[in-house]
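>>> structure, please.
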Amino acid sequence: ARALFTPEVIAADLERLAGAQRDDGGWTVEYARISPAGVLDWRGHVTVRAVELLHRNGLLTLGEVT
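All right, here's what the predicted structure looks like:
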């Protein structure tokens, strides 16, 4: 599906994603929230997914964990 979008559109959305990072380092859930517990459960998933996307696209370098 990426081929359907120009590189500029992809770059703009990656910048939007990077800019959505919260002060505590995570990302918030951007879809319908059923319960406060559900938001907390899904926040971790959304954060890991954002880190993966930014890393795969060269916008985030992951350091070595010791």
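>>> next, the residue nearest the centre of the chain: phi, psi?
Taking CA atoms, centre = their mean, the centroid of the chain lies closest to residue 50, which sits 2.1 Å from it. Main-chain torsions, residue 50, degrees, to the nearest 10: phi -60, psi -40.
>>> tell me which element the residue nearest to it when sequence neighbours are not counted is part of?
Nearest residue to residue 50, sequence neighbours excluded (CB to CB, 6 or more residues apart in numbering): residue 27, at 4.6 Å. Yep, even glycine has a C-beta here, placed from its N, CA and C like the rest. Residue 27 is part of no helix or strand, with elements assigned from DSSP states H and E.
>>> measure residue 27 to residue 53 for me?
Going from residue 27 to residue 53 by CB to CB, to the nearest Å gives 10 Å.
>>> are there residues contacting both of those two? Which ones?
By CB atoms under 8 Å, 6 or more residues apart in numbering, residue 27 and residue 53 have these common neighbours: residue 17.
>>> between those two, which has more neighbouring residues?
In terms of neighbours (other CB atoms under 10 Å), residue 27 is the more surrounded of residue 27 and residue 53; the figures are 19 against 15.
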